[in-house]
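Asks: Coordinates for the following, if possible.
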Amino acid sequence: MKKRILASIVCVSMISWAQNLTTLAEKSGWLKTGRAEETEALCKGFAKKYPKRVRCKSYGETPEGRTLWYMNIRDASVKSSAPTVWIQAGIHAGEIDGKDAVFSLMKNVFEKKITPDPFTGLKVIFVPIVNLDGHERFGKWNRPNQIGPDEMGWRVTAQNYNMNRDFAKVDTSEMRDLNKLWNEHDPILSLDLHVTDGAHFQPEVGIITTPTENQGTGALHAAGTKYETELMQKLHYRGRQALPFYPSFLDDDKPTSGFARSVSPPRFANGYWYVRNRIGVLVESHSWKDYATRIKVHYDTVLSSLEIAQKYGADWTKQAREIDRQPLAGKKIDVAFKHTKKFKTIDFGGYKFSIAKSKISGGDVIRYFTDQPETWKVPFYEELAPTVSVTAPEKGYFIPASEMETIKAKLDMHGIKYEKWTQPLPDIVNVFRATKTQLSAGSFEGHQTMTLEGEWAQEKSEFPKTVFFVPIRQPNALIAVHLLEPLAPDSFVFWGLFNRFFEIKEYMEDYVAEDVAKKMLEDKTIEAEFNEKLKDDSFAKDPNKRFRFFYQKHSSWDTHYNRYPIMKL
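Replies: Model (predicted):
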């Protein structure tokens, strides 16, 4: 009986939400946010009340068995070729402003409180809670560096994954489902709604657009710059204090160190959407603004973005699809960036602050006086330069069948095309050999990551019985390069999927090596080389390095050690 009563109460509550389409956030005066059942009820409620404008659909299920919902928003007359805008909230479920902001925007638009209609001529996909299991780990103080709501969800998933580090490696089922949905709708403009951590300052939001002309040239970079420029103008007109960069000090807790532009690698949403040849936008409202202000910031950012998409979305979509068709074969690809030393001094709205020695930690601690606004003059490093560049293959990548088990599902999730190779195999291929490897000291997102030094070089081919081939001439060539080039910051190598190929598997006993070395020293060339190496103290004093010198020249040495298993043609 108690279970029936509880079920009835939940049912009545959901019907009530569905009927008036008002969020708990709005009802509470923007102090609270609703739970998962409210989002489901609103999704279904909007679809029921506005069936020609909204569809409410499921796109998957979480590890804890919750249904993942999204909303397809459009006007009845929209063409199938219309540009698509993607809006997602709650990938960090404690940063949930975007969910309540977009529901509020939808309600106001459909009740004709906003004209003209910002959804007209667009197809909009709205995912209100990406990290749903994390959202339901509800509590106070889940975000200690943030004002409101009273209670909120948790940053990571039930499996303790940070989903906004998972776009490239795709470990989570939630990300697999999300990427599948994104692939189906192919949005030209995608927004990821967040809240910052960090210092106290006056600006309300930082918006990071990828790509822009700070990062490179081309139609998509120009489109990103146009979007960023017009968005800043619109937000200023709407009374918002917005920044076109992430407001994180270059040196923690040192406001005078200034700020810099950066480029997100594809583990992050906006970085991933860029390597899929689309425009990605990270929206970060300022955590020390109250919840009502932050909701209004996201509201205005989404509204302004839709208006810009109405204006340029169709042209940008055509340009992006043309980029999909442009060959990357043999081209240099910049895969990582850092700001240069060039800067300009900007006026930045901050607050008076002091720095003192902490009696708790013993280190310096900063204190802000938020009742005393002031203008900081700080450096802004806007110019970017590539720090890692790779060369795309002329034809594609060979993957041994033995390694497809490791990466096949991930290639499929990114829409990367491949085929079983049935033609005669080439005699010469490009092989990557590492000259230096470094494993991370600890775990990062459940992986022991690896960074390499080394280079590709032509070698006589050694192919296994069965190989697969990833052609470079395909729409998703750029993400393929980022995943398959071992030096790229979010490559499969970086995430530790191939660590075993950089481990010594066979060895020579010291007493065996002693005899082998004596015999090898009869070769005057080897003797001269060994004597030259002995001039280096670090070599001379290390028995292992001395034995390794001979072992590496012996026929028993494993020629596959430090050799990346994927080859280039």
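Asks: and residue 138, backbone torsions?
Replies: Torsion angles at residue 138 (phi, psi; degrees, to the nearest 10) stand at phi -90, psi 140.
Asks: Roughly how far does the closest residue to it other than its chain neighbours sit from residue 96?
Replies: The shortest distance from residue 138 to any non-neighbouring residue, by C-beta to C-beta, 6 or more residues apart in numbering, is to residue 151 (5.3 Å). The way it works is simple: take the backbone N, C-alpha and C, and place the C-beta from them, glycine included. According to C-beta to C-beta, to the nearest Å, residue 151 and residue 96 sit 10 Å apart.
Asks: quick one: contacts of stretch 560-569?
Replies: Contacts of stretch 560-569 with the rest of the structure, by C-beta atoms under 8 Å, 6 or more residues apart in numbering, involve 393-400, 402-403, 426, 429-435, 437, 454, 456, 461, 469, 484, 486, 493, 498, 501-505.
Asks: so where is the stretch 101-250 of the chain shaky, pLDDT-wise?
Replies: Residue ranges of the stretch 101-250 of the chain with pLDDT under 70: none are present.
Asks: Also the chain?
Replies: For the chain, the ranges with pLDDT under 70 are 1-19, 557.
Asks: Now do the end-to-end distance for stretch 208-224.
Replies: Using C-alpha to C-alpha, to the nearest Å, the end-to-end distance of stretch 208-224 comes out at 10 Å.
Asks: Buried residues in it, which are they?
Replies: The neighbour-count check on stretch 208-224 (16 or more other C-beta atoms under 10 Å) flags 208, 209, 210, 211, 212, 214, 215, 219, 220, 221, 223, 224 as buried.
Asks: Equivalent analysis for stretch 435-450, please.
Replies: 437, 445, 447, 449, 450.
Asks: try stretch 490-509
Replies: Neighbour count says stretch 490-509 has 490, 491, 492, 493, 494, 495, 496, 497, 498, 501, 502, 508 buried, by 16+ other C-beta under 10 Å.
Asks: Stretch 465-473 now?
Replies: 467, 468, 469, 470, 471, 472.
Asks: What of stretch 549-569?
Replies: 549, 550, 551, 562, 563, 564, 565, 566, 567, 568, 569.
Asks: Show me which pair in these is furthest apart.
Replies: Using C-beta to C-beta, the two most remote members of the buried residues of stretch 549-569 are 550 and 569, lying 34.9 Å apart.
Asks: and the next element down the chain from the longest helix seen in the chain?
Replies: Across the chain, the longest stretch assigned as helix under DSSP state H is helix 291-325. Using DSSP states H and E, the helix or strand that directly follows helix 291-325 along the chain is strand 332-339.
Asks: Including secondary structure and distance to residue 50, could the buried residues of stretch 465-473 go into TSV?
Replies: Below are these laid out as TSV (DSSP: H, G, I helix; E, B strand; the rest coil; distance: C-beta to C-beta, whole Å):
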residue	secondary structure	distance to residue 50
467	strand	52
468	strand	47
469	strand	48
470	strand	44
471	strand	44
472	coil	45
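Asks: Same question for residue 398, what's its three-state structure.
Replies: strand (DSSP: H, G, I helix; E, B strand; the rest coil).
Asks: Can you give me every residue that contacts it?
Replies: 421, 429, 463, 467, 468, 469, 566, 567, 568, 569.
Asks: Just name the closest of these to residue 528, please.
Replies: Using C-beta to C-beta, these come closest to residue 528 at residue 429, 33.5 Å.
Asks: ok, that closest one - contacts?
Replies: 398, 458, 459, 461, 567, 568, 569.
Asks: Relative to residue 425, how far out is the residue most central in space within the chain?
Replies: By C-alpha atoms, centre = their mean, the chain has its centre lying nearest to residue 268, at 0.8 Å. Residue 268 sits 38 Å away from residue 425, going by C-beta to C-beta.
Asks: Break the protein into its domains for me.
Replies: 2-325, 387-504+562-568, 510-551 (automatic domain parsing).
Asks: Reformat the ones you listed as TSV; add distance to residue 331.
Replies: Shown next, in TSV, are the domains of the chain (distance: least, C-beta to C-beta, whole Å):
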stretch	distance to residue 331
domain 2-325	12
domain 387-504+562-568	5
domain 510-551	38
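Asks: And the top strand by length along the chain, what's buried?
Replies: Using DSSP state E to define each element, the chain has its longest strand at strand 364-381. With burial defined by 16+ other C-beta under 10 Å, the residues of strand 364-381 counted as buried are 366, 368, 376, 378, 379, 380, 381.
Asks: Against residue 306, how distant is the closest residue to the fifth one other than its chain neighbours?
Replies: This points to residue 379. Among residues not flanking residue 379 along the chain, residue 258 sits closest, at 3.6 Å (C-beta to C-beta, 6+ apart). Computed as C-beta to C-beta, the residue 258 to residue 306 distance reads 33 Å.
Asks: For residue 280, name its beta-bridge partners.
Replies: On the basis of DSSP bridges, residue 280 is bridged to residue 190, residue 210.
Asks: From what I see, it and residue 272 are in contact.
Replies: Yes. Using C-beta atoms under 8 Å, residue 280 is in contact with residue 272, at 6.9 Å.
Asks: and which of the buried residues of stretch 465-473 is nearest residue 147?
Replies: Of the buried residues of stretch 465-473, the one sitting nearest to residue 147 (C-beta to C-beta) turns out to be residue 470, at 47.6 Å.
Asks: OK, contacts around that closest one?
Replies: Counted by C-beta under 8 Å, 6+ apart, residue 470 has contacts 396, 397, 399, 411, 416, 417, 418, 480, 484.
Asks: Just list the residues touching the nearest residue to the last one once chain neighbours are set aside, thanks.
Replies: Computed as C-beta to C-beta, 6+ apart, the closest residue to residue 484 that is not its neighbour in sequence is residue 397, at 5.2 Å. Contacts for residue 397 (C-beta under 8 Å, 6+ apart) come out as 469, 470, 472, 480, 484, 566, 567, 568, 569.
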